[in-house]
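1. A predicted structure for the sequence below; I have some questions about it.
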Amino acid sequence: MTEHLVDPDVPRDLHAFIAGLPKAELHVHHVGSASPRIVSELAARHADSKVPTDPEALVDYFTFTDFAHFIDVYLSVVDLIRTPEDVRLLTYEVARDMARQQVRYAELTITPFSSTRRGIDEGAFMDAIEDARKAAEAEFGTVLRWCFDIPGEAGLESAEETARLATDDRLRPEGLVSFGLGGPEIGVARPQFKPYFDRAIAAGLHSVPHAGETTGPQTVWDALIDLRAERIGHGTSSAQDPKLLAHLAERRIPLEVCPTSNIATRAVRTLDEHPIKEFVRAGVPVTINSDDPPMFGTDLNNEYAVAARLLGLDERGLADLAKNGVEASFLDAPGKARIADEIDTYTAAWLAS
Ligand SMILES: O=C(O)c1cccc(C(=O)CC[C@H]2O[C@@H](n3cnc4c(=O)[nH]cnc43)[C@H](O)[C@@H]2O)c1
Ligand SMILES: [Zn+2]
C-alpha cells in the first residue's frame, strides 16, 4: 500500500482489500503514467527540457491551474520521449507499476501522432510498444492492449495520421483494440472526427472518445451519435442531462470515471461534488480509472478508495465495481470470465478470513 495515498476516511482494511483486488483499467494514458522516477530519469537525459529532474519538484510542476495548463505540462513530458528505447522503457515500467496494483488487464491510451511528429520512426515506435507489451505479459502477468487516440487540438492532420497508423495493416500493432480522441474539448467539436472514427470502426476497432470532461452533455451526445462511442472517457457533464443518463443506462454504455483527474484539472471543484453518485443512481455502468496517475498524485488503488468513500462501498461493492471494469473491457468472453472469477475468489477468501 502506498502510505501517502491512504484516504483517512476509508478504513485501513478496505485499503488492504483494494490493494489485493484483481482489477482492469480502461482509461489510462501512456505518457501520463510515467512515474516520477522515469520522468526525472528522462529529464536528466534531455537536459534542454524544462521538466524538473528532482522528483520532489515534480509535485509542484504537476499542480495544474486548469485543463489548458495540464495539457501544456503533459506535452513537456511528451517532449522527453525521443527514442524508441524511451518508448519501450516507459511502456514496460508503466506495466510494472500496474502489476504492483494487481491490474490484470489494461487498455493504455497512446498518442502515436505526438511521437511520430517528433521524429520517432513509426515502425520503430510500434515495435517498441509491442516488445514492451509482450515482455510485460510474460514477466508481470499484466495483459496490455492499446487505444490510439487523436490529439484533437492538433487538428485534422493528427486525425488523418492517427487513423492511418491504426488501420494500415503493415503498421497496426497486434495489441491495438480501440480508437480514441483526447486533449482539450473546448473549440474541438467531436463531429469533425466522424470520418476517421468511421475508418477505424470499419477496421475492427472500438470507439472510445473522451467527451464531457471539460464541456457539456452535448459533447457526449456528439460522441455517441457521430463517433459511435461504445464507452465514454470521463463523461462527467452527463450528470447535467437526465435524458442522456437514461440513454447511457438503457444502452449499457459505460463511463470511464477518473475522480482525482477531474479535481486535478479543475473540471470538478471538489470530490464531494463529483457526479459519480448520480451516475450510479441512474443505472449507468461506472468503471473506475486513474487517467494520468503520477501527474494527478494518484494511482488506481487510490481511485478505488475514493470511489468507496463517495459511494459508501464495502468489499462486495468494490468487487462489483472491479467487475464493471472487466465487463466494460474489450477482452474476449473467456478473458473476462477469468478475471471476474479471480475477483470473486479473492473476495470470498477475504470475507472468510
Ligand atoms: O503532440 C502534439 O504535438 C500536440 C499538439 C497539439 C495538441 C496536443 C494535445 O492536445 C495532446 C493532448 C494529450 O493529452 C492526453 N491526455 C491525457 N489525459 C487526458 C485527459 O484527461 N483528457 C484529455 N486528454 C488527455 C491525450 O491522450 C493527448 O495525447 C498534442
Ligand atoms: Zn484521459
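-> Cool, got the structure. Numbering: from 1, shown residues only. Ligands and ions are numbered 1, 2, ... in the order given.
2. Only C-alpha atoms from now on, for both contacts and neighbour counts.
-> OK.
3. Quick one, grab the pLDDT at residue 2.
-> Among the per-residue scores, residue 2 shows a pLDDT of 47.
4. Tell me how many other residues surround residue 338.
-> 11 (other CA atoms under 10 Å).
5. For it, which residues are in contact?
-> The contact partners of residue 338, by CA atoms under 8 Å, 6 or more residues apart in numbering, come to none.
6. Would you state the predicted confidence (pLDDT) at it?
-> Among the per-residue scores, residue 338 shows a pLDDT of 98.
7. next one: residue 11
-> Predicted confidence (pLDDT) for residue 11: 80.
8. Surely residue 146 is in a helix?
-> No - applying DSSP: H, G, I helix; E, B strand; the rest coil, one finds residue 146 to be strand, outside a helix.
9. tell me the contacts of it?
-> If you count contacts by CA under 8 Å, 6+ apart, then residue 146 has 107-110, 175-178 around it.
10. Please repeat the previous calculation with a cut-off of 10 Å.
-> Residues touching residue 146, when contacts are defined by CA atoms under 10 Å, 6 or more residues apart in numbering, comprise 26, 29-30, 106-111, 129-130, 133, 173-179.
11. Could you tell me which of these belong to helices?
-> With helices identified by DSSP state H, the entries of the contacts of residue 146 that belong to them are 129-130, 133.
12. ok, so of these, who is nearest ligand 1?
-> Using CA to the nearest ligand atom, residue 129 comes nearest to ligand 1 of the ones in helices among the contacts of residue 146, at 15.6 Å.
13. So the closest one sits against residue 173, correct?
-> Yes - in terms of CA atoms under 10 Å, residue 129 counts as a neighbour of residue 173; the distance is 8.4 Å.
14. Could you list the residues of this structure in contact with ligand 1?
-> Within the chain, the residues that sit near ligand 1 (CA under 6 Å from any ligand atom) are 29, 32, 71, 111, 114, 149, 151, 153-154, 182-184, 291-292.
15. Is it possible to mark the buried ones in those?
-> 29, 32, 111, 114, 149, 151, 153, 182-184, 291-292 (16 or more other CA atoms under 10 Å).
16. can you list the residues you listed in TSV and add pLDDT and secondary structure?
-> Rendered in TSV, the data for these read as follows (pLDDT from 0 to 100; DSSP: H, G, I helix; E, B strand; the rest coil):
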residue	pLDDT	secondary structure
29	98	strand
32	97	helix
111	98	coil
114	97	helix
149	98	strand
151	98	strand
153	97	helix
182	98	strand
183	97	coil
184	96	coil
291	98	strand
292	97	coil
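17. which among the residues you listed gets closest to residue 301?
-> Comparing these against residue 301 with CA to CA picks out residue 291 as the nearest, at 12.5 Å.
18. excluding its backbone neighbours, what's nearest that closest one?
-> When the adjacent residues along the chain are set aside, residue 291 lies closest to residue 28, with 4.1 Å between them (CA to CA, 6 or more residues apart in numbering).
19. Please apply the same query to residue 74.
-> Going by CA to CA, 6+ apart, residue 74 has residue 32 as its nearest residue, at 7.0 Å.
20. Let me see the contact set for that neighbour.
-> Each residue near residue 32 by CA under 10 Å, 6+ apart is listed here: 74-75, 77-78, 94, 109-110, 290-296.
21. Just give me the closest of these to residue 119.
-> Comparing every one of the contacts of residue 32 with residue 119 (CA to CA), the shortest separation belongs to residue 78, at 12.2 Å.
22. what's the closest one in contact with, if anything?
-> Residue 78 makes contacts with 30-32, 39, 72, 111, 114-115, 118, as judged by CA under 10 Å, 6+ apart.
23. Run through this structure and note the low-pLDDT ranges.
-> Scanning the chain with the threshold set as pLDDT under 70 gives 1-4.
24. again, only using 50
-> Using pLDDT under 50 as the threshold, the predicted model of the chain has low-confidence ranges 1-3.
25. quick one: the strands in it?
-> Assignment of strands within the chain using DSSP state E yields the ranges 23-29, 103-110, 143-151, 176-182, 206-207, 210-211, 232-234, 255-257, 286-288.
26. Output the fourth one as CSV, nothing but the C-alphas.
-> Read that as strand 176-182. What follows is the C-alpha trace of strand 176-182 in CSV, where atoms were taken according to Å, rounded to 0.1, in the frame of the first residue of the first chain:
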residue,chain,number,x,y,z
LEU,A,176,-4.5,-2.4,-30.7
VAL,A,177,-8.2,-2.7,-29.8
SER,A,178,-9.7,0.8,-29.9
PHE,A,179,-9.6,4.3,-31.2
GLY,A,180,-10.0,7.5,-29.1
LEU,A,181,-10.0,11.3,-29.1
GLY,A,182,-8.2,13.3,-26.3
